[in-house]
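> coords please:
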Amino acid sequence: MAAASAMRVSAGSFGCCFLMVCLLHSDFWVGRCASDGECSAEELRALHQFKSGLIDPDNLLSTWRGRRCCQWRGLSCDNLTGSVTGIDLHNPYPDVVDPPRDEVWNLSGRLDASLLRLEFLSRLDLSCNNFDGLRIPDFLGSLKKLS
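Sure thing, here's the model as predicted:
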């Protein structure tokens, strides 16, 4: 009787452990591994199209290569799903005469509507760059999660 009871506890513990491993493993949860920083094909296309509209004279977006967009400079992603949630390309030194060369954002260009394909984008900061005279595109109002 004790052996049967121990067997049930052991099988139950194994089942709980197996379920926890499955739930913690992101391939089971979202169909791909979010922790490795890979973006979906749709998000990659949207980000590359967005980047193509920007003028980046200092090549600060040089990390925007490959599939691991969650590791690209200025991007943030949801830890569980891996979806892009933020783009922070603000210039951190807008008024400094001699800022650190690798930390100055001097972006200009146009904002592409491909951002609409970033379904979970909630933060977008392009402040203190050289978008002078650029009218805020109407499509930004369609980004439902943007705050």
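> Now for the nearest residue to Gln49 once chain neighbours are set aside: which residues touch it?
Leaving out its chain neighbours, the residue that sits closest to Gln49 by CB to CB, 6 or more residues apart in numbering is Ser114, at 3.8 Å. Using the backbone N, CA and C atoms, a C-beta is placed for each residue, glycine as well. Ser114 makes contacts with 45-47, 49-50, as judged by CB atoms under 8 Å, 6 or more residues apart in numbering.
> which is the next helix or strand following the helix or strand of the chain with the lowest mean pLDDT?
Within the chain, no helix or strand scores below helix 26-30, which has a mean of 38 by mean pLDDT, DSSP states H and E. Next in sequence after helix 26-30, counting helices and strands by DSSP states H and E, comes helix 41-52.
> Buried ones among the contacts of Ser114?
For the contacts of Ser114, a neighbour count by 16 or more other CB atoms under 10 Å gives the buried set as 46-47, 50.
> Put together TSV for the residues you listed, with pLDDT and distance to Cys77 on each row.
Formatted as TSV, the buried ones among the contacts of Ser114 follow (pLDDT from 0 to 100; distance: CB to CB, whole Å):
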residue	pLDDT	distance to Cys77
Ala46	97	13
Leu47	97	11
Phe50	96	15
